[in-house]
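> Build me a model from this:
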Amino acid sequence: MQSTRDRLEAVRERIQAVAEDVAREREQRDELTQRLAEAEREIDRLHRKLRDMADAIGEREAAIAALRERARRQEQRLAGERRQLAAQVRAAYIGGRQGKLRLLLSGRDPATLGRLLVYHDYYARARTDAIDTLSDSLAELAATRHEIAAERDELAAQRAERERMLAAVESRQAERRETLAAMEARLAKRGDELEALRADEARLENLVERLRKELADIPAQAESPPFDRLKGKLEPPVPGPTIARFGQPKFDGRLRWQGLWLAADAGATVHSAAAGRVVYVGWMHRYGLIVVLDHGDGYFTVYGHNRSTRAEVGQWVAAGEAIAEAGRSGGHQRDGVYFEIRRGRTPVNPSQWLRS
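Next up is the predicted model:
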């Protein structure tokens, strides 16, 4: 029987072939579109690295906190050991300040002298042990403080790298703004935005159809309920208000929205509406960074305008799982998420599928 890993690799190869065709189509588009795609892909890459760095910084901060707690306990133990040693020194002084030789020459009876010598040896050993313990504790505390200093240096380096990456994001965003301004100026001059919008819609339609054909013989995950039973039960990918509704006119009524455009803050987590397999993660003009999920029986959900993606092709995701971060990729000025549900080539009204 074919292993799960082999099946996953086969699915990825088939999806990769579709993705490469989409990339070749994009390369045939004009320079401005390519520049926008490159800038937004780089922003995605940087935000992915920033997420990893945030996790690393969090782990480093937790390690420093744990080391500080260890140092605090070591300092408390050290203080106790110092008090114990001081008490032993005082006891030895009070009980045997004559010294061992003097005790031997004191002329006391042998029984008393024997007891005093035993006490003398006991206190001497106790002091030696206490001094050794204290020395070990001091060395342990010094080592912990050294670890804290090293962790703090690493943390400072990670925070400096994070600042560098944030500056890189800002640089790419400035490049994106310049590219958008140039694209808008070109469209205003040429007056062909309607044609471009229709072409963009056709590209998404063709992408979903090709994915459907490629994956037609791939069974759905057994534990996932049939998608058509989820009508009226889905949670939206983000909880924000609706900017544009399915069927709402756009471009002077010559086109209509084929999904929902939901407002969300930049970087807000985008959740999968239902369990499914990630079958596409890429960039498309006007849709920006998109994630496409296959839910079986010809149903797909599309999540566009993302600032960054979190899902990997071939990955199974649960309902409500994080798959992206909201943004404005694809040439938009507002942050949010574009959400479509399709059955094959046909877009269906997402509002009818979402929980009221």
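
> Can you pull up the most central residue in the protein?
Arg51 (4.4 Å; Cα atoms, centre = their mean).

> what about that residue, which helix or strand?
Here Arg51, judged by DSSP states H and E, is contained in helix 31-96.

> What is that helix packed up against?
Packing partners of helix 31-96 (3 or more Cβ pairs under 8 Å, 6 or more residues apart in numbering; DSSP states H and E): helix 4-27, helix 110-190, strand 276-284, strand 288-296, strand 308-309. Quick note: C-beta positions are derived from backbone N, CA and C, even for glycine.

> ok, the residue nearest to the centre of the chain to Asp44 distance?
11 Å (Cβ to Cβ, to the nearest Å).

> give me every residue that touches the residue nearest to the centre of the chain.
Taking Cβ atoms under 8 Å, 6 or more residues apart in numbering as the criterion, Arg51 is in contact with Ser308, Arg310.

> Number the residues from 826 up from this point.
Sure thing, new numbering starts at 826, so read that last one as Arg876.

> what stretches of the protein score poorly on pLDDT?
826-855, 906, 910, 913-914, 916-955, 957, 959, 1011-1020, 1040-1048 (pLDDT under 70).

> domains for it, by residue range?
Annotated domains of the chain cover 856-1016, 1017-1177 [automatic domain parsing].

> and these, which is most packed in?
Ranked by mean neighbour count, the domains of the chain are led by domain 1017-1177 with a mean of 19 (mean count of other Cβ atoms under 10 Å).

> and that domain, how far from the chain's centre?
The chain centre lies 21 Å from the centre of domain 1017-1177; the measure is Cα atoms, centre = their mean, to the nearest Å.

> related to what we said a few turns ago, check the contact lists of Arg876 and Asp869 and give me the overlap.
Ser1133.

> So Gly1121 sits against Gly1101, correct?
Yes - using Cβ atoms under 8 Å, Gly1121 is in contact with Gly1101, at 7.4 Å.

> quick one, phi/psi of Phe1164?
The phi and psi torsions at Phe1164 (degrees, to the nearest 10) take the values phi -130, psi 120.

> Please apply the same query to Leu1080.
phi -140, psi 160.

> who are the neighbours in contact with it?
Leu1019, Leu1022, Arg1023, Glu1026, Pro1074.

> what's across from it in the sheet?
On the basis of DSSP bridges, Leu1080 is bridged to Lys1075.

> before we move on, back to that, which among the contacts of Leu1080 gets closest to Phe1052?
Lowest distance from Phe1052 to these (Cβ to Cβ) belongs to Glu1026, with 22.6 Å.

> What segments of the stretch 1076-1181 of the chain are strands?
1080-1081, 1085-1088, 1094-1096, 1101-1109, 1113-1121, 1124-1131, 1133-1134, 1141-1142, 1147-1150, 1161-1168, 1171-1173 (DSSP state E, counting those that start in this stretch).

> Convert the second one to PDB, retaining C-alpha atoms only.
Think strand 1085-1088. Written as PDB, here are the backbone C-alpha positions of strand 1085-1088 (Å, rounded to 0.1, in the frame of the first residue of the first chain):
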ATOM      1  CA  LEU A1085     -16.800  38.400   0.300                       C
ATOM      2  CA  TRP A1086     -14.200  41.100   1.100                       C
ATOM      3  CA  LEU A1087     -13.900  41.200   4.900                       C
ATOM      4  CA  ALA A1088     -12.100  44.000   6.700                       C
END
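
> from memory Val1116 sits against Ser1133, does it?
No - assessed by Cβ under 8 Å, Val1116 is found out of contact with Ser1133, at 10.5 Å.

> what do the two both touch?
The contact lists of Val1116 and Ser1133 share Ala1149, where a contact means Cβ under 8 Å, 6+ apart.

> how near is Leu857 to Arg1001?
Here Leu857 is placed at a distance of 11 Å from Arg1001 (Cβ to Cβ).

> before we move on, what about Arg860?
9 Å.

> How about Asp877?
Asp877 is 22 Å from Arg1001, by Cβ to Cβ.

> cool, Ser962 as well?
57 Å.

> Check Glu986 too.
Computed with Cβ to Cβ, the distance linking Glu986 and Arg1001 is 22 Å.

> same check, this time on Gly1078
For Gly1078, the distance to Arg1001 equals 30 Å [Cβ to Cβ].

> Asp1025: what's it in contact with?
Per Cβ under 8 Å, 6+ apart, neighbours of Asp1025: Met1109, His1110, Arg1111, Tyr1112.

> what's the answer for Met1008, then?
By Cβ under 8 Å, 6+ apart, the contact list for Met1008 reads Leu857, Thr858, Leu861, Gly1156.

> which one of these is nearest Leu991?
Closest approach between the contacts of Met1008 and Leu991, by Cβ to Cβ: Leu861, at 21.0 Å.

> That closest one and Tyr1128: what is the separation?
From Leu861 to Tyr1128 the distance is 19 Å (Cβ to Cβ).

> again with His1120
13 Å.

> Can you dump the C-alpha atoms of stretch 986-996 in PDB for me?
Provided in PDB are the C-alpha atoms of stretch 986-996 (Å, rounded to 0.1, in the frame of the first residue of the first chain):
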ATOM      1  CA  GLU A 986      18.100  41.400  13.500                       C
ATOM      2  CA  ARG A 987      14.400  41.900  14.000                       C
ATOM      3  CA  GLU A 988      14.800  45.700  13.700                       C
ATOM      4  CA  ARG A 989      16.800  45.100  10.500                       C
ATOM      5  CA  MET A 990      14.000  42.900   9.100                       C
ATOM      6  CA  LEU A 991      11.300  45.400  10.000                       C
ATOM      7  CA  ALA A 992      13.300  48.100   8.100                       C
ATOM      8  CA  ALA A 993      13.500  45.700   5.100                       C
ATOM      9  CA  VAL A 994       9.700  45.200   5.300                       C
ATOM     10  CA  GLU A 995       9.200  49.000   5.300                       C
ATOM     11  CA  SER A 996      11.500  49.300   2.300                       C
END
